[in-house]
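Show me how the following folds:
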Amino acid sequence: MQTEIIIAGFGGQGVLFGGQLLTYAAMDEGKEVTWIPSYGPEMRGGTANCTVVISDEEIGSPMVSHPQAAIVMNRPSLDKYEPLIKPGGLLVVNESMVDRAVDREDIRVVVVKGNEIAEKLGDKRMSNMVLLGALLANLPVLPIEAIEKALAGHLPERHKKLLPMNYEALREGAKFKANQAA
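Residues are numbered from 1 along each chain as shown. Below is the predicted model of the structure:
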């Protein structure tokens with residue numbers, strides 16, 4: 001089985017880190033995986049997205065035109081990626097940064113106030129983990145425990161003190177369930 005995921009937002013939201021974490025977790029679980037980052041020259045505040053492909057078999061191409069799932073962390077990302085998701089796919093929306101509803105009725109949608117939840121947990125930078133938790137609760141490509149293990153194994157030493165908060169953010173996001181596609 002192969003799963004294609006796009007994570008998109010602007011620089012500084014942890015978009016690329018979320019994708020890297022999925023990649024590390026998939027590798028640690030013995031899966032085949034590709035990760036392609038893309039970001040504007042501005043870095044913080046510019047556009048950023050990454051494509052992650054996770055598979056049980058060799059991956060033919062890392063390029064993805066129509067992903068099965070996407071996390072969109074802001075309005076421009078919703079506008080760009082909503083039309084591209086495969087029918088029956090999953091869209092996780094950071095309602096904190098998106099001011100419109102999802103138009104499509106043929107996909108499953110999870111709407112999460114990622115920024116607000118992260119701030120309640122004590123650090124607004126955790127919104128990417130909240131949204132990643134929501135994705136994994138609705139797309140069983142990897143267990144949340146695999147992400148937690150990847151965090152512990154790949155987070156730089158200077159950030160290890162943030163592990164409990166990251167775990168909590170993942171679990172808070174996992175409480176959100178998608179509506180059913182038509």
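
Can you show me the strands along the chain?
Counting by DSSP state E, one finds strands in the chain at the ranges 2-10, 32-39, 47-55, 69-72, 90-94, 108-112.

Same list (the ones you listed) but as JSON lines, adding mean pLDDT, distance to L78 and mean neighbour count.
For every residue, glycine as well, the C-beta is placed using N, CA and C. Conversion of those to JSON lines gives the following (pLDDT from 0 to 100; distance: least, CB to CB, whole Å; neighbours: other CB atoms under 10 Å):
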{"stretch": "strand 2-10", "mean pLDDT": "94", "distance to L78": "9", "mean neighbour count": "24"}
{"stretch": "strand 32-39", "mean pLDDT": "92", "distance to L78": "17", "mean neighbour count": "16"}
{"stretch": "strand 47-55", "mean pLDDT": "92", "distance to L78": "12", "mean neighbour count": "22"}
{"stretch": "strand 69-72", "mean pLDDT": "97", "distance to L78": "4", "mean neighbour count": "28"}
{"stretch": "strand 90-94", "mean pLDDT": "97", "distance to L78": "6", "mean neighbour count": "27"}
{"stretch": "strand 108-112", "mean pLDDT": "96", "distance to L78": "10", "mean neighbour count": "21"}
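
Quick one: those strands as JSON lines, columns for distance to L135 too.
Formatted as JSON lines, these follow (distance: least, CB to CB, whole Å):
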{"stretch": "strand 2-10", "distance to L135": "7"}
{"stretch": "strand 32-39", "distance to L135": "15"}
{"stretch": "strand 47-55", "distance to L135": "10"}
{"stretch": "strand 69-72", "distance to L135": "6"}
{"stretch": "strand 90-94", "distance to L135": "5"}
{"stretch": "strand 108-112", "distance to L135": "8"}
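
Tell me which of those sits nearest to D123.
strand 90-94 (15.4 Å; CB to CB).

Go ahead and measure how far the closest one is from the middle of the chain.
Strand 90-94 sits 8 Å away from the centroid of its parent chain (CA atoms, centre = their mean, to the nearest Å).

ditto for stretch 63-78
Taking CA atoms, centre = their mean, one finds the center of stretch 63-78 at 9 Å from the center of the full chain.

Could you give me the buried positions within that stretch?
Using 16 or more other CB atoms under 10 Å as the test for burial, stretch 63-78 gives 64, 67-74, 77-78.

repeat for stretch 151-162
Quick answer for stretch 151-162 (16+ other CB under 10 Å): 151, 155, 162.

Okay, the second one and V141: tell me how far apart.
When distances are taken as CB to CB, to the nearest Å, L155 and V141 turn out to be 21 Å apart.

same thing with the last one?
L162 sits 24 Å away from V141 when distances are taken as CB to CB.
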